[in-house]
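**Q** Provide a 3D model corresponding to the input given below.
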Amino acid sequence: MLTNRRKDAWIAAVLVAPFLAIYLLVFVYPTIQMVMTSFTDAPLIGDGAFVGTENYERLPSDPRFRTAAWNTAYFVALTVIPGTIVALAIALGVSRLAGRMQAAILALFFLPYILPVSVVYLIWDWVLNFQFGILMHLFDLLGIDRVPITKSRDWFMPAVAVVTIWWTSGFSILLFLAGLRSIPPEIYEAAELDNAGRWTTFRRITWPLLWPVTSLVFTISLISQLKIFDQVYLFSQGGRPNDNLVLVYYIFQRAFQQNQSGRAAAVAVVLFILVIVVSVLQFQLLRLAGGRK
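**A** Next up is the predicted model:
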């Protein structure tokens with residue numbers, strides 16, 4: 001028995017070792033280096049002098065950091081809950097279809113998710129562009145003045161939020177569909193025998209049983225949107241990038257445009273801690289709320 005246990009332990013160690021090595025090399029080591037760099041005035045390439053917590057102390061008084069933090073929070077508010085609701089509504093509609101029609105409609109909603117961000121940007125630039133965008137021509141037909149959506153401070157974040165929901169909702173729809181298919185049909189049959197309406201069935205059966213999937217979708221979406229960068233960077237070209245700053249964009253500017261790796265690392269550490277804390281807190285709150293259902 002002792003020999004078997006040792007053999008099993010060696011086999012387990014051999015199987016786990018490649019993943020552990022890659023994890024330490026790709027995630028743990030860079031994270032440690034990032035934290036160490038945040039306490040220096042290092043440039044993008046090379047070492048820097050130790051400055052203690054100076055990089056962190058500068059952040060509250062940095063107006064661009066405050067702008068980036070506010071824009072990130074605003075973007076999360078525009079995308080996480082609305083995106084979850086949109087994905088759930090579409091999944092409920094698709095679940096009522098069957099056969100090839102269901103597969104075709106599901107493919108249409110999932111197709112944007114597999115597109116690279118550059119393609120998504122080009123598609124929506126054809127729609128929103130002030131000079132030749134399809135939406136601008138529609139405004140002309142309706143007698144509405146054209147709006148430079150991607151150049152306007154008020155319209156930029158809502159427009160990028162709509163693009164992001166369109167782009168990323170396909171994966172959430174699949175998760176909701178999987179959750180819907182895991183609900184036993186006998187429960188709905190029993191509710192139908194009790195003359196329960198659609199709203200009552202959704203509120204009393206579908207929604208509580210979908211709560212674990214909803215928590216998962218919400219958590220994944222929250223983590224993704226806190227790290228938003230690609231869409232904001234692309235749509236800001238030729239516009240007002242400093243007004244549209246988000247935290248990752250701010251890190252990019254500090255590190256790659258201003259050659260201030262130490263200050264960029266400090267912001268990255270703050271974002272890293274923020275993602276962990278917010279994700280854990282909201283997941284626990286959702287789990288507690290689900291337990292009360």
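
**Q** what's in contact with stretch 34-54?
**A** Contacting residues not belonging to stretch 34-54 are listed as 55-56, 255-256, 259-263, 265-266, 268-269, 272 [Cβ atoms under 8 Å, 6 or more residues apart in numbering]. For glycine as for every other residue, the C-beta is placed from the backbone atoms N, C-alpha and C.

**Q** Please save the CA atoms from it in PDB.
**A** Taking only C-alpha atoms (Å, rounded to 0.1, in the frame of the first residue of the first chain), the coordinates of stretch 34-54 have been written out as PDB:
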ATOM      1  CA  MET A  34       5.600  43.800 -11.500                       C
ATOM      2  CA  VAL A  35       5.200  44.300  -7.800                       C
ATOM      3  CA  MET A  36       9.000  44.900  -7.400                       C
ATOM      4  CA  THR A  37       9.100  47.300 -10.300                       C
ATOM      5  CA  SER A  38       6.200  49.300  -8.900                       C
ATOM      6  CA  PHE A  39       8.600  50.400  -6.000                       C
ATOM      7  CA  THR A  40      11.200  51.800  -8.500                       C
ATOM      8  CA  ASP A  41      11.500  54.600 -11.100                       C
ATOM      9  CA  ALA A  42      12.500  52.000 -13.800                       C
ATOM     10  CA  PRO A  43      12.000  52.800 -17.500                       C
ATOM     11  CA  LEU A  44      10.400  50.400 -19.900                       C
ATOM     12  CA  ILE A  45      13.800  48.600 -20.400                       C
ATOM     13  CA  GLY A  46      16.300  48.500 -17.700                       C
ATOM     14  CA  ASP A  47      16.500  48.800 -13.900                       C
ATOM     15  CA  GLY A  48      15.600  51.800 -11.800                       C
ATOM     16  CA  ALA A  49      16.300  53.200  -8.400                       C
ATOM     17  CA  PHE A  50      14.200  52.200  -5.400                       C
ATOM     18  CA  VAL A  51      11.600  55.000  -4.600                       C
ATOM     19  CA  GLY A  52       9.500  53.200  -2.000                       C
ATOM     20  CA  THR A  53       5.800  53.900  -2.200                       C
ATOM     21  CA  GLU A  54       6.200  57.200  -4.100                       C
END
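
**Q** tell me which residues of it are tucked away?
**A** Buried residues in stretch 34-54, defined by neighbour count with 16 or more other Cβ atoms under 10 Å: Met34, Thr37, Ser38, Phe39, Thr40, Asp41, Ala42, Val51.

**Q** Redo these as JSON lines? Include distance to Trp199.
**A** Formatted as JSON lines, the entries for those read as follows, by distance: Cβ to Cβ, whole Å:
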{"residue": "Met34", "distance to Trp199": "49"}
{"residue": "Thr37", "distance to Trp199": "54"}
{"residue": "Ser38", "distance to Trp199": "51"}
{"residue": "Phe39", "distance to Trp199": "56"}
{"residue": "Thr40", "distance to Trp199": "59"}
{"residue": "Asp41", "distance to Trp199": "60"}
{"residue": "Ala42", "distance to Trp199": "58"}
{"residue": "Val51", "distance to Trp199": "59"}
